[in-house]
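S.K.: quick one: sequence plus predicted model below, questions after.
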Amino acid sequence: MNLDQLLVKFQNKDIKAFEKLYEMYSESMHGVIYNIVKNQELAEEVLQDVFIKAWNNSESFSIKKGRFFTWLINIARNSAIDMTRSKQFKNKNKNSDATFFVDIIESDENLEKKMDSLGIKKFVGSLKEKCKKLIELLYFQGYTQKEASEELDIPLGTVKTNNRNCILELRKIVLN
């Protein structure tokens, strides 16, 4: 069964299609979420929420508007960012002892594996330096466009334009 047929079944609330899509995409979504929340339990919780949101809002996905992976990764990214902004998350981290902060520091090798679990590391690596930095901040570290603007010391409008252009360039590389 091809992906388009699977997605139609998913939108018609076929549980087998849901299970297959979860199997296909859960590892990649977990990598994106974990890179933002930096906590295994929370990442698993958010991952579950992401697939529930996708299931409940499956009718809002349109093959004509874009790829399912892109739609799902946006849900994952936004859900992870929402989690980090929640009062519960902030209070939990305020009350954490020092071992929490030691445990979240990963070796470069583990971080590389997580980024590569998306299968796009090699594609991002071929982008211009400004695109690499911007994509790293926005999609792997969970920065908002405003936060990226401050971090890179460039206007918000420039961040938005560069983000759009960088994603278009990445799309061309991936689809070729």
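M.R.: Cool, got the structure. Remember, predicted model here, so these are calculated numbers, not experimental data.
S.K.: mind listing what residue 5 touches?
M.R.: By CB atoms under 8 Å, 6 or more residues apart in numbering, the contact set of residue 5 is empty. Every residue, glycine included, has its C-beta placed from N, CA and C.
S.K.: remind me which residues of the protein are low pLDDT?
M.R.: 87-121, 176 (pLDDT under 70).
S.K.: which parts of it are helices?
M.R.: Per DSSP state H, the chain carries helices over the ranges 3-11, 15-37, 40-56, 68-85, 87-94, 98-104, 108-116, 121-125, 129-135, 145-152, 156-175.
S.K.: tell me how many other residues surround the nearest residue to residue 61 once chain neighbours are set aside.
M.R.: In space, and not counting its chain neighbours, residue 61 is closest to residue 71: 5.2 Å by CB to CB, 6 or more residues apart in numbering. Each residue near residue 71 was counted by other CB atoms under 10 Å, and the total is 19.
S.K.: what do you get for the one 10 residues further on?
M.R.: Using other CB under 10 Å, residue 81 has 17 other residues around it.
S.K.: for the nearest residue to it once chain neighbours are set aside, give me its contacts.
M.R.: Excluding its sequence neighbours, the residue lying closest to residue 81 (CB to CB, 6+ apart) is residue 142, at 5.2 Å. Neighbour list for residue 142: 35-36, 77, 80-81, 84 [criterion: CB under 8 Å, 6+ apart].
S.K.: and which of these is nearest residue 166?
M.R.: Taking CB to CB as the measure, residue 166 lies nearest residue 77 of those, at 15.3 Å.
S.K.: show me the contacts for the closest one.
M.R.: With CB under 8 Å, 6+ apart, residue 77 has these contacts: 32-33, 36, 139, 142.
S.K.: Throw the residues you listed into TSV and include distance to residue 130, thanks.
M.R.: Listed next are these as TSV, based on distance: CB to CB, whole Å:
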residue	distance to residue 130
32	22
33	26
36	22
139	14
142	19
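S.K.: closest to residue 65 out of those?
M.R.: residue 139 (19.0 Å).
S.K.: and that closest one, how many neighbours?
M.R.: If we define neighbours as other CB under 10 Å, then residue 139 has 23 of them.
S.K.: measure it to residue 32 for me?
M.R.: 7 Å (CB to CB, to the nearest Å).
S.K.: could you do residue 60 as well?
M.R.: Computed with CB to CB, the distance linking residue 60 and residue 32 is 20 Å.
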